[in-house]
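Participant: Here you go, sequence then predicted model.
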Amino acid sequence: MPERVALESEIIRKCLSRSELQCSFVEYRGFKVIYRRYASLFFIVGTKSDIDAGVGAENNENELGLLEFIHTLVETMDKWAGSICELDIMYQLEEVHFLLDEMVMNGYVVDTNKSNILRTLDLLERESRKNDEMFR
């Protein structure tokens with residue numbers, strides 16, 4: 001776990017130090033890192049080669065597909081919370097995790113339809129409100 005935290009810190013520093021004129025793809029220690037900056041928020045996705053492919057296998061992940069996934073995630077969050085900011089993420093972290101879980105399953109992107117993703121979140125919020133009203 002400490003190694004993972006150190007790796008994440010190094011990747012974050014590397015992404016933060018890059019200028020806006022540089023590419024949003026970085027290869028670092030066998031990982032492909034794809035990132036995108038929206039205002040003051042950085043969204044970072046990392047991939048590595050498939051374990052089944054063996055040691056030294058090439059990482060064939062589609063960088064543009066993951067960049068589009070980040071864009072879709074941000075658009076979905078904007079649709080859900082208005083203009084997404086750090087405070088929305090900090091104070092509604094459970095909902096953000098739920099939204100991300102609707103889009104990604106077991107490391108694979110499974111749904112990018114904003115309406116489908118937000119419908120599930122809306123149902124969850126409605127049921128939560130019903131339960132709150134029941135106990136008043």
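Facilitator: Alright, I've got the coordinates. Residues are numbered from 1 along each chain as shown.

Participant: Which neighbouring elements make contact with the helix or strand hosting Ser128?
Facilitator: Taking DSSP states H and E as the definition, Ser128 sits inside helix 114-134. With contacts taken as 3 or more CB pairs under 8 Å, 6 or more residues apart in numbering; DSSP states H and E, helix 114-134 sits against helix 63-81, helix 93-103. Placement of C-beta: from N, CA and C, glycine included.

Participant: most packed of those helices?
Facilitator: With neighbours defined as mean count of other CB atoms under 10 Å, these peak in mean count at helix 63-81, which reaches a mean of 17.

Participant: Figure out the helix or strand that the residue lying closest to Val26 once chain neighbours are set aside lives in.
Facilitator: Closest residue to Val26 apart from its sequence neighbours, by CB to CB, 6 or more residues apart in numbering: Val33 at 4.4 Å. Assigned by DSSP H and E, Val33 belongs to strand 31-38.

Participant: what residues does that strand touch?
Facilitator: Strand 31-38 is contacted from outside by 11, 14-15, 20, 24-27, 42-48, 59, 61, 63, 66-67, 70-71, 74, 84, using CB atoms under 8 Å, 6 or more residues apart in numbering.

Participant: ditto for stretch 116-134
Facilitator: 76, 79-80, 95, 98-99, 102-103, 111.

Participant: Need those in a markdown table (columns: distance to Lys130 and pLDDT).
Facilitator: Output for these, formatted as a markdown table (distance: CB to CB, whole Å; pLDDT from 0 to 100):
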| residue | distance to Lys130 | pLDDT |
| --- | --- | --- |
| Thr76 | 24 | 94 |
| Lys79 | 23 | 92 |
| Trp80 | 20 | 90 |
| Glu95 | 17 | 89 |
| Phe98 | 17 | 91 |
| Leu99 | 21 | 92 |
| Glu102 | 21 | 92 |
| Met103 | 26 | 93 |
| Asp111 | 25 | 91 |
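
Participant: quick one on the thing from earlier: now render the helices and strands packed on helix 114-134 as CSV, adding distance to Leu123.
Facilitator: CSV is the format used below for those (distance: least, CB to CB, whole Å):
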stretch, distance to Leu123
helix 63-81, 13
helix 93-103, 11
